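Engineer: structure of the sequence below:
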Amino acid sequence: MGKIVGIDLGTTNSCIAVVEASSTAGKPEVRVIPNADGARTTPSVIGFSSTGERLVGQVAKRQATTSPATTVFAVKRLMGRKRSDPEVEKHASSVPYSVVEHSNGDAWVHVQGRDISPPQIAAMVLSALKQVADSFLGEPINEAIITVPAYFDDAQRQATKDAGKIAGLTVKRILNEPTAAALAYGLDRKEHEVIAVYDLGGGTFDISILELSGGVFSVRATGGDTHLGGEDFDVRLVDKLADEFRKQNAVDLRKDRVALQRLREAAEKAKHELSSSLETQINIPFVATGPSGPLHLERDLRRSELEILTRDLIDKTLQCCKQVLTDAKLSPKQIDQVVLVGGMTRMPAVHKAVKALFERDPNKGVDPDEVVAVGAAIQAAALSGHIDEVLLLDVTPLSIGVETGGGVFTRLIERNTTVPTEKSEIFTTSVDNQPFVPIHVLQGEREMSSDNRSLARFELTGLPPAPRGVPKIQVTFRVDSNGILSVQATDLGTGRSQSVSVSPTSGLSEAEIEQIVREADQFGKADALRKELAELRNQAETLVYTTEQALEGYADLVGEERSNDVRAALQALKALLEGDSDLATIRDAYTTLETATFELAEAIYGGESS
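Structural biologist: Alright, predicted model coming up:
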């Protein structure tokens, strides 16, 4: 079996890893695959240039200042979400690009005159990681394990699988990020341990409690918030700086996309610097223009100010931790180790709060930026047979059930149930001679259906006439190891059944996904042609320069006719390079001049030797 990579598809940065070999001690040797810039993580940023070129990673992040409306970041927050979701609205108001409502109500991104689904954007990041892995490993990589926040619901998980498919990857498993981190931390540990994985990343927060024993990783409970992360810390600082600037200068920087992006970058930079220093300076020259001319933003920022601004965000993570401890029926003192995951855990205030809650220093034995990808790679190696199989017993993050009479949400599978799992329940009709039974599948923790996340609706039809309460309809829910749900409804009287694989796919049907895959392939070919054209232009410009130098220095050594032939080929190629000529035309002119220069060189050296 070929290699399967592990991918941490992050809100802010993404990381890809692979198990290459095993050491003599039996511990897998995991390699984090560096990108083309040599960095071990890649910004989850996509940019679209004015020429149609697609930019990924650091180069896309660099163009955000000059072209914020065409630079998309933190798209993970939109995966599988409706545009009407208050959290999506909050996100849309804080970013310089446009978040729009698709025809089915889902949140999409609007860039350069077209709407793009979040899975398509995520697929662009995954494609870039795949290309890096192909080059690094010297073989095509077609399979991957992709991690998601443990608190991702069914729609968000399916959207992540869609992104992998669009990128040309077969997603072997959707793995919860805290579980992946626990795998990286505890694979070589033989003693029994209960650990808490506190994962505060760029866009999401997860807390999971796992029991490790003899190679078995059992999740006791999990919780979190899919809209709580480093982005929110940045927004707090952006809002404070923008409010101060507006009071001083009567200009709201948030209404200018370029100014807002510069402000976001300055806030992120200051946040990072305050993790290691007590004070930093924010300096944004020419950020706006006022009646008297250019305006600048200059301000000293202390760590204590940032901590006060974001104290409630850290407190929200602690509330999640307390709830998960309650669900796991454990006290903080019963936790043996606390593993910190995600870049935000470098913030001293976060570290201090976690230490106070769990009454111990967090474990510092893992890299918070890479540990999730490493864990995914270990699970990938186990699936492909490169290391011994590991047993992961994960859980459902949210309760799953159906809507019953009066709009009540009836749970069939409670949250923190170990997956894979299956649960059945018998329901009946509510009126006489009811010919069908509507099945409304939901996910959440509220008592009323309208307050929970709708996953799917379908009908069991063809019921024979009968008084209400007589028919017996068995509804069976199955959750696979990826946490993705399928539902079957069966009339026990007639045996008639109807099933549905609950796969919202972020508004993308299977046919639409296939179409996007084809478009992605075409886009990849167009990118390759564009790259080939750029490389040929560079080669041609170099050839033009060296030929001009040769003619200037050695024209007297060859005949006038040969010199004129070379000059004619030279001028033809220069004219093409000044225009928008296609690849084939430039290549032909390049070949003609190259041949002429070879003949010129032969004449020069032939003349010297005679």
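Engineer: got the buried residues for stretch 486-500?
Structural biologist: Within stretch 486-500, the residues that qualify as buried are 486-491, 498, 500, counting by 16 or more other CB atoms under 10 Å. Any C-beta I mention is one placed from the backbone N, CA and C, and that applies to glycine too.
Engineer: would you format those residues as CSV with pLDDT included?
Structural biologist: Supplementary listing: the buried residues of stretch 486-500 in CSV, determined by pLDDT from 0 to 100:
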residue, pLDDT
S486, 82
V487, 83
Q488, 84
A489, 83
T490, 87
D491, 84
Q498, 72
V500, 60
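Engineer: out of those, flag the one nearest to G230.
Structural biologist: Distance to G230, by CB to CB, is smallest for S486 among the buried residues of stretch 486-500, at 34.8 Å.
Engineer: quick check: which element contains that closest one?
Structural biologist: Taking DSSP states H and E as the criterion, the element that holds S486 is strand 485-491.
Engineer: now that strand, how far from the centre of its chain.
Structural biologist: 31 Å (CA atoms, centre = their mean, to the nearest Å).
Engineer: helices or strands up against it?
Structural biologist: Counting contacts by 3 or more CB pairs under 8 Å, 6 or more residues apart in numbering; DSSP states H and E, the secondary-structure elements packed against strand 485-491 are strand 437-443, strand 453-460, strand 473-479, strand 497-501.
Engineer: mean pLDDT lowest for which of the ones you listed?
Structural biologist: Set side by side, the helices and strands packed on strand 485-491 differ in mean pLDDT, and strand 497-501 is lowest with a mean of 67.
Engineer: got a markdown table for the helices and strands packed on strand 485-491, with distance to H351 too?
Structural biologist: A markdown table is the format used below for the helices and strands packed on strand 485-491 (distance: least, CB to CB, whole Å):
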| stretch | distance to H351 |
| --- | --- |
| strand 437-443 | 33 |
| strand 453-460 | 33 |
| strand 473-479 | 35 |
| strand 497-501 | 43 |
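Engineer: those strands: which one's closest to L297?
Structural biologist: Between L297 and the helices and strands packed on strand 485-491, the tightest spacing by CB to CB is seen for strand 453-460, at 40.3 Å.
Engineer: okay, the angle between the closest one and strand 485-491?
Structural biologist: Between the axes of strand 453-460 and strand 485-491, defined by axes from the mean of the first three to the mean of the last three CA atoms, to 10 degrees, the angle is 30 degrees.
Engineer: for strand 453-460, which outside residues touch it?
Structural biologist: When contacts are defined by CB atoms under 8 Å, 6 or more residues apart in numbering, strand 453-460 is touched by residues 153-155, 398, 400, 436-444, 473, 485, 487, 489-491, 496-498, 500, 502, 504.
Engineer: partners of it in the sheet?
Structural biologist: Strand pairing for strand 453-460, using DSSP bridges, gives strand 437-443 (antiparallel).
Engineer: and the strand it pairs with, what's buried?
Structural biologist: By neighbour count, with 16+ other CB under 10 Å as the criterion, the buried positions of strand 437-443 are 437, 439-443.
Engineer: how about stretch 236-251?
Structural biologist: Applying 16+ other CB under 10 Å to stretch 236-251 flags 236-238, 240-242, 245, 249, 251 as buried.
Engineer: now it, how far from the centre of its chain.
Structural biologist: With CA atoms, centre = their mean as the basis, the distance from the averaged C-alpha position of stretch 236-251 to the chain average is 30 Å.
Engineer: tell me the average confidence for that stretch?
Structural biologist: Averaging the model's pLDDT scores along stretch 236-251 yields 95.
Engineer: cool, stretch 561-568 as well?
Structural biologist: The predicted model assigns stretch 561-568 a mean pLDDT of 82.
Engineer: buried set for it?
Structural biologist: 562-563, 565-566.
Engineer: tell me the one of the residues you listed nearest D134?
Structural biologist: When the buried residues of stretch 561-568 are ranked by distance to D134 (CB to CB), V566 comes first, at 41.3 Å.
Engineer: state the distance from the closest residue to that closest one other than its chain neighbours to Q549.
Structural biologist: The shortest distance from V566 to any residue that is not its chain neighbour, by CB to CB, 6 or more residues apart in numbering, is 4.6 Å, and that residue is A596. According to CB to CB, to the nearest Å, A596 stands 15 Å off from Q549.
Engineer: which of the two has more residues huddled nearby?
Structural biologist: Comparing A596 with Q549 by other CB atoms under 10 Å, the one with more neighbours is A596, at 20 against 10.
Engineer: so what's the backbone phi/psi at V132?
Structural biologist: Main-chain torsions, V132, degrees, to the nearest 10: phi -60, psi -40.
Engineer: part of a strand, is D588?
Structural biologist: No. Counting by DSSP: H, G, I helix; E, B strand; the rest coil, D588 is located in no strand; its state is helix.
Engineer: tally of neighbours for it?
Structural biologist: If you count neighbours by other CB under 10 Å, D588 ends up with 14.
Engineer: cool, L301 as well?
Structural biologist: 21.
Engineer: quick one: R254 from A270, how far?
Structural biologist: Computed with CB to CB, the distance linking R254 and A270 is 17 Å.
Engineer: what of V487?
Structural biologist: Here V487 is placed at a distance of 48 Å from A270 (CB to CB).
Engineer: what two of the buried residues of stretch 486-500 have the greatest distance between them?
Structural biologist: Checked with CB to CB, those reach their widest spread between S486 and D491, with 18.2 Å between them.
Engineer: contacts only, for Y554.
Structural biologist: Counting by CB under 8 Å, 6+ apart, Y554 touches 600, 604.
Engineer: and it, that's in a helix?
Structural biologist: Yes. When classified by three-state DSSP, Y554 is found to be part of a helix.
Engineer: when you give positions from now on, start the count at 95
Structural biologist: All set: I'll call the first residue 95, so the last point we hit is now Y648.
Engineer: so which of the buried residues of stretch 330-345 is the closest to E373?
Structural biologist: Using CB to CB, L331 is the member of these that sits closest to E373, with 14.2 Å.
Engineer: does the closest one really touch R397, like I thought?
Structural biologist: No. With contact defined as CB atoms under 8 Å, L331 does not reach R397; the gap is 11.9 Å.
Engineer: what mean pLDDT does stretch 673-680 have?
Structural biologist: Mean predicted lDDT for stretch 673-680 stands at 80.
Engineer: list the buried ones in that stretch?
Structural biologist: Of the residues in stretch 673-680, those buried under the neighbour-count criterion (16+ other CB under 10 Å) are 675, 680.
Engineer: quote the end-to-end distance of it.
Structural biologist: When the termini of stretch 673-680 are compared using CA to CA, to the nearest Å, they are 10 Å apart.
Engineer: in the helix or strand hosting the residue nearest to V660, which residues are buried?
Structural biologist: Per DSSP H and E: A690 is located in helix 677-703. Across helix 677-703, burial judged by 16+ other CB under 10 Å covers 680-681, 683-684, 686-688, 690-691, 694, 697-698.
Engineer: which of these lies closest to L281?
Structural biologist: Out of the buried residues of helix 677-703, the member with the shortest distance to L281 (by CB to CB) is R681, at 52.1 Å.
Engineer: with adjacent residues omitted, what lies nearest to the closest one?
Structural biologist: The spatial neighbour of R681 that comes closest, neighbours along the chain excluded (CB to CB, 6+ apart), is L630 at 6.2 Å.
Engineer: that neighbour - that's part of a helix, no?
Structural biologist: Yes. Going by three-state DSSP, the assignment for L630 places it inside a helix.
Engineer: that one and P565, how far apart?
Structural biologist: Distance, L630 to P565, by CB to CB: 71 Å.
Engineer: between the two, which one's more packed in?
Structural biologist: In this comparison of L630 against P565, neighbours counted by other CB under 10 Å, the higher total goes to P565 at 21 against 15.
Engineer: and the nearest residue to the more buried one once chain neighbours are set aside, what element?
Structural biologist: Ranked by CB to CB, 6+ apart and with sequence neighbours excluded, the top spatial neighbour of P565 is T523, at 5.1 Å. Per DSSP H and E, T523 falls between elements, in no helix or strand.
Engineer: if I pick T523, what's in contact with it?
Structural biologist: 531, 557, 560, 562-565, 567.
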